[in-house]
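K.L.:
Kindly return the folded structure for what I paste below:
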Amino acid sequence: MTSNQPPKEKNAKKRARFFNVSLRNGIVMSTPSYPEKQSFVAHLIRALETSNPDFAWIQFLFARSDYGTELVKLKNSMNRAKKAIEQPSLDLISGQEQDRKQLYRDFYRKTDGRMKKVDDIVTKPTITMAIQGLWVSGEPDSIKALLFDHCSDEHDSLALFRYRDPRMLIELVNRRMVTDISEYFDRYTKSRMEPPSFLVTPEELVSYIHLPAGEVAKSLSSLQDEESKREFAQGKVEEEDEVKASLLKRGEVREGAYH
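P.N.:
Numbering: from 1, shown residues only. Modelled structure (predicted):
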């Protein structure tokens, strides 16, 4: 998906920012989706038209994946971490047992729900998805108009991360993505990190991959049918005998092989 609009101000300094969209909090079993089915693409195009960048390039890449074994390991790791938190700690001064602080934090309180989520997706086909792109504008913060942060589930939501590294252009041109995020499953109960790609099932995939439709799509100026203003020169078709004679002269057609 690309957008190339005329600049708002000729003298505005254009800034290029590469970006990647991934899980805000690195909750790797999260499978975020847009709340309105079959509406995301139309709303995204409308956001592009409204923010009107000088250039925008957004890629949606996905690949079939099989994380069955890794998801089972993830659940087992979460269960072990949960049981370790439930064990009281020993106060070094009084020598008395006391509850661990982690017992009152989100990680522990939400572990049961997240393990159920793992049980749910381990039985379904899984897809690794990456969203990345390039944004050029005299107003860099205009990229915030993109509504990826509206994509979520009960565990996490998507967030847009900006970069200045020009080497990302090679990744975009070659349409490269990280197809194996299993190492981020291993990190989840240790030092959690945001994976460059995220997990979806076919149910969530259709939230991102579809043609723009509905009332919003009808109002998009970039999708309106317009008569082409390109000038075309009238061409001349040579006679068959003239074409044959020209080709034979150059030795490109054998006698008797022309049809």
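K.L.:
For the rest of this, base every contact and every neighbour count on C-alpha atoms.
P.N.:
Will do.
K.L.:
Asp186 - nearest residue in space that isn't next to it in sequence?
P.N.:
Leu74 (6.7 Å; Cα to Cα, 6 or more residues apart in numbering).
K.L.:
Likewise for Tyr184?
P.N.:
Pro195 (6.3 Å).
K.L.:
which SS class is that neighbour?
P.N.:
Judged by DSSP: H, G, I helix; E, B strand; the rest coil, the three-state class of Pro195 is coil.
K.L.:
about what we covered before: secondary structure element for the residue nearest to Asp186?
P.N.:
Element membership for Leu74, per DSSP states H and E: helix 68-86.
K.L.:
thinking again about what came up before, for the residue nearest to Tyr184, grab the count of nearby residues.
P.N.:
Residues lying near Pro195 (other Cα atoms under 10 Å) number 23.
K.L.:
so where do the strands sit in the protein?
P.N.:
Residue ranges of the strands in the chain, as given by DSSP state E, are 2-3, 15-23, 55-65, 89-90, 97-98, 126-137, 158-163, 198-200.
K.L.:
Pick the most buried one from those strands.
P.N.:
Counting by mean count of other Cα atoms under 10 Å, strand 198-200 has the highest mean neighbour count of these, with a mean of 25.
K.L.:
follow-up on the earlier one: run through the residues that contact the residue nearest to Tyr184.
P.N.:
Ser22, Leu23, Gly26, Val28, Ile181, Tyr184 (Cα atoms under 8 Å, 6 or more residues apart in numbering).
K.L.:
nearest to Met168, of the residues you listed?
P.N.:
For the contacts of Pro195, the closest approach to Met168 (Cα to Cα) belongs to Ser22, at 15.5 Å.
K.L.:
shouldn't that closest one be in contact with Leu160?
P.N.:
Yes - Ser22 is in contact with Leu160 according to Cα atoms under 8 Å; the separation is 6.7 Å.
K.L.:
Thr128 against Ala63, yeah?
P.N.:
Yes - assessed by Cα under 8 Å, Thr128 is found in contact with Ala63 at 5.4 Å.
K.L.:
can you list residues touching both of those two?
P.N.:
What both Thr128 and Ala63 touch, as defined by Cα under 8 Å, 6+ apart, is the set Thr179.
K.L.:
For the residue nearest to Asp186, give me its contacts.
P.N.:
Phe185, Asp186, Tyr188 are the contacts of Leu74 under Cα under 8 Å, 6+ apart.
K.L.:
Could you pull out the helices in the stretch 101-250 of the chain for me?
P.N.:
106-109, 111-121, 168-173, 182-187, 202-208, 214-218, 240-249 (DSSP state H, counting those that start in this stretch).
K.L.:
Kindly reformat the ones you listed as a markdown table containing distance to Lys13 and mean neighbour count.
P.N.:
Shown next, in a markdown table, are those (distance: least, Cα to Cα, whole Å; neighbours: other Cα atoms under 10 Å):
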| stretch | distance to Lys13 | mean neighbour count |
| --- | --- | --- |
| helix 106-109 | 43 | 14 |
| helix 111-121 | 45 | 16 |
| helix 168-173 | 20 | 13 |
| helix 182-187 | 38 | 17 |
| helix 202-208 | 32 | 17 |
| helix 214-218 | 32 | 13 |
| helix 240-249 | 54 | 12 |
